[in-house]
Structure formats: C-alpha cells, structure tokens
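K.L.:
Pasted the sequence and its predicted model underneath.
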Amino acid sequence: MKKTSVDRLWFSGRVLFASSHFKEKDSLKFKQSSDVLIEESIILVRSEDEDGAKKELERVAKKHEISYENNEGELVRWCYLGVVEIQELDEEEVGEGVFVFTRMFWKSDVSDKGVVEFLKNIPLAQ
C-alpha cells in the first residue's frame, strides 16, 4: 500500500495482559497459584509506521491496566505485559468484514487446545 507523508495506516496488534491476585488488598503478598491467567487482545490503531503503531498500542494497552477487589476479597491487578505482534492492514478504512488479524500455521504446529479440538471435527483437516 502506497502512502503519502500525511497518511496514517491501520495496524492491528496482539498485546498481552497478566492477572495478579493478592491475598489481602492492603498487602502485596501474592496468592500462590499454579498458573497465571493471561489475556491476549487484538487492538486496532492508526499510525504512519510500525514504530509509531507500537507506541500507540502500548499507550492504549496501559490505559486498560486495572485493579479491583474480587468476591473473595482479594486484590486483582491486570497488568500490561507487551506487544507480541503487529500487522499492517491492507485497508484504508476499517469497518464490517475487514480482516484485522491473520495468522497462518501448519496443522502440525498447532498448540492452541481450542484450535486442536476444532480441527478434529473438520474432515479436510484430518
């Protein structure tokens, strides 16, 4: 896609957040857990280039860091971890039906349990 010096392009970014649980809201003692809850989100931004897109993704993601008390009285904090991947969209305008993120992989490389289960029911993917 060609651009002029004033054009801003659309980018999608995969960003990660992690949830931390604290035993007491006035304490910073972590609740022991065998696993960490990670959230992966796709965020759309406009920028002149990929470096600018990364900065904008980080700015937007950090605004979504949050702390709250859950129903067990624990302090829960969602913290921004980082940008995993950035993709430039091939569209000048974003709207219904526009692909905002694409990932290609070989079936033999699939590690996502949901995708593995889904593919078990697709004859072409057998």
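P.N.:
Cool, got the structure. Numbering: from 1, shown residues only.
K.L.:
tell me the contacts of residue 15?
P.N.:
40, 41, 42, 43, 57, 61, 80, 81, 82, 83, 84 (C-beta atoms under 8 Å, 6 or more residues apart in numbering). The C-beta positions use only the backbone N, C-alpha and C, and glycine is treated the same way.
K.L.:
ranking those by neighbours, who comes first?
P.N.:
Ranked by neighbour count (other C-beta atoms under 10 Å), the contacts of residue 15 have residue 57 at the top, with 24 neighbours.
K.L.:
wait, doesn't it sit right on residue 84?
P.N.:
No: look at residue 57 against residue 84 with C-beta atoms under 8 Å: they stay out of range, at 10.1 Å.
K.L.:
Overlap of the contact sets of those two?
P.N.:
Common neighbours of residue 57 and residue 84 (C-beta under 8 Å, 6+ apart) are 13, 15.
K.L.:
for the contacts of residue 15, which one is nearest residue 118?
P.N.:
residue 40 (17.1 Å; C-beta to C-beta).
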